[in-house]
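In: Need a 3D model of the sequence below.
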Amino acid sequence: MPFPNPLVATVLSAPMVSPAARVCALQLLCCAVVAWAGIRSAEFVAPPRQLAEAAFGMVQPSMRPVAGSLGVAVEAAEAGFPQIEVIVRRNDTLDQIFRRLELSLQDLANLRAMQGLKGMLDRLTPGELLTLSHQDGALMGLERRLSDSETLKVQRDEAAGFIANVEATPLTRTPVTTHGVIRSSLFEAAASAGMRDVTALQLAELFGWDIDFVLDLRGGDEFTVTYEKVSREGEYIGDGNILAAQFVNQGKTYKAVRYVGPDGKANYYTAEGRSLRKAFLKAPVEFSRISSVFNLKRKHPILNRIRAHNGVDYAAPTGTPVRAAGDGRVRFRGEKGGYGNVLEIEHAGQIVTRYGHLSRFAKGLAPGKRVSQGEVIAFVGMTGLATGPHLHFEYVVRGVYKNPQTATRSVEATPIDASLRADFNHQAAPLLAALASGTAPAQPEPTALPVRSGAAVAAR
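Out: Numbers count the residues shown, from 1 in each chain. A predicted model of the protein is given here:
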């Protein structure tokens, strides 16, 4: 073993060194040996799993860890082949991953040629985990979770080449009821009530036709929500659907019940069976503030004279998606005076919605094309006469301008069909009772998706 500090060795062996100096030098030597040993031993300590995975994404294929490295490649106990876990990076493709791991590209081509398998392999999500087993570069198996309840498993078969199956794992949906009070924000109240942000967003969307969660929310507002907690094989994996909800905003109570019709489609209704969904969105864009309201006697900020403001201006960053306020057909797409880039959509009942100062239009949008409520149709800009990026939104009924903030609230979607009313009442009763009592309704049985099998393809 080479001596770690030649200078100390020289001092110790010199005849002129006093005993006290030799003791000090010996102490220094001990410290140096301990430090040197620590550095050398660290070279052989396996890194933490996270660091190993991060490093594996950075190294060249020829430098990848051998089978058995912690968190990256371990022996697959069942098959006896080295198994590699890969965390998908941004813009990753399977082709890039196979090249990085020096796996057979012919095997990948054979997999992608299998009926129905290409779509399950080509759309990777950053952060997801792929598990691959191999033998000298030949793919022996691949596993990828497609959804919360489905996992794709591919195995090499000596006779058939590859066999692919989508295995289903039953999900348990447990209804729970929780209550919250607004103190500072909806998300803070939801978190205190044990709800995740995604469920809070779902709650806001549910009552978004009646409550403006930017402008209307007040301290002391409260909500009660019955929703699903989803678990897989005993492990909680996230929140599911909201089954029923009640929101008290500025003293007014709103209720919603989820109803699944005979066709399997789910919609939300009031306790009386009226559709919670309105025919028009309250606001067709995610905005930071209303920069100008509907005002027939407003002084124009650029022209500096009294000129009616026939719509509402929603201030938002350039590029913010603009959505269709309701179902309809595109009537006009192009430039129009002070509106700049403008889009007009015709709706039932001789209603027209107009969207002005757009930076650009959604692809494929043209006059005559049908659009659905909530569909992205354009993007916020400041074309035409505009002092800053915003959406100018107008609502016109039979040629008469109406205030979009009030007019859109009054047009309701189709209520529950009379033939389904008895079934609706049957489903809604226990949910409304759960809201009133603050307890959970009866727990349904676990549900599972059917197992699908892929075709086999030779991989000779």
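In: Quick check: beta-bridge partners of Arg323?
Out: Under DSSP bridges, the beta-bridge partners of Arg323 are Val376.
In: thought it was touching Lys282?
Out: No. Using CB atoms under 8 Å as the test, Arg323 is too far from Lys282 to be in contact (11.3 Å). Glycine gets a C-beta too; all of them are placed from N, C-alpha and C.
In: more crowded one of those two?
Out: More crowded of Arg323 and Lys282, by other CB atoms under 10 Å: Arg323, with 20 against 17.
In: OK, contacts around the more buried one?
Out: Applying CB atoms under 8 Å, 6 or more residues apart in numbering to Arg323 gives the contacts 281, 284-285, 373-377.
In: Give me the neighbour count for Leu243.
Out: Leu243: 27 neighbours (other CB under 10 Å).
In: Ignoring the adjacent residues along the chain, who's closest to it?
Out: Thr226 (4.7 Å; CB to CB, 6 or more residues apart in numbering).
In: For the helix or strand encompassing that neighbour, name the packing helices and strands.
Out: Using DSSP states H and E, the element containing Thr226 is strand 222-232. When contacts are defined as 3 or more CB pairs under 8 Å, 6 or more residues apart in numbering; DSSP states H and E, strand 222-232 sits against strand 171-181, helix 197-206, strand 235-249, helix 421-437.
In: To Glu102, which of those lies closest?
Out: strand 235-249 (33.9 Å; CB to CB).
In: State the paired neighbours of the closest one in the sheet, together with their directions.
Out: Using DSSP bridges, strand 235-249 pairs in its sheet with strand 222-232 (antiparallel), strand 252-260 (antiparallel).
In: Measure how that strand sits relative to strand 171-181, angle-wise.
Out: 30 degrees (axes from the mean of the first three to the mean of the last three CA atoms, to 10 degrees).
In: can you list the weak-confidence ranges in this structure?
Out: Filtered on pLDDT under 70, the chain yields the residue ranges 1-80, 288, 296-307, 409-413, 442-460.
In: just to revisit the earlier point, neighbour-wise, which of the contacts of Arg323 leads?
Out: Pro284 (26 neighbours).
In: check contacts around the residue nearest in space to the middle of the chain.
Out: Closest residue to the average C-alpha location of the chain: Val198 at 8.6 Å, with CA atoms, centre = their mean. Contacts for Val198 were tallied using CB under 8 Å, 6+ apart; they are 238-239.
In: What of Pro321?
Out: Applying CB under 8 Å, 6+ apart, we find Pro321 in contact with 285-286, 376, 378-380.
In: Arg421 - nearest residue in space that isn't next to it in sequence?
Out: Using CB to CB, 6+ apart and skipping residues adjacent in sequence, the residue nearest Arg421 is Gly273, 6.2 Å away.
In: Backbone dihedrals for Asn310, please?
Out: Per-residue torsions, Asn310: phi -80, psi 10 (degrees, to the nearest 10).
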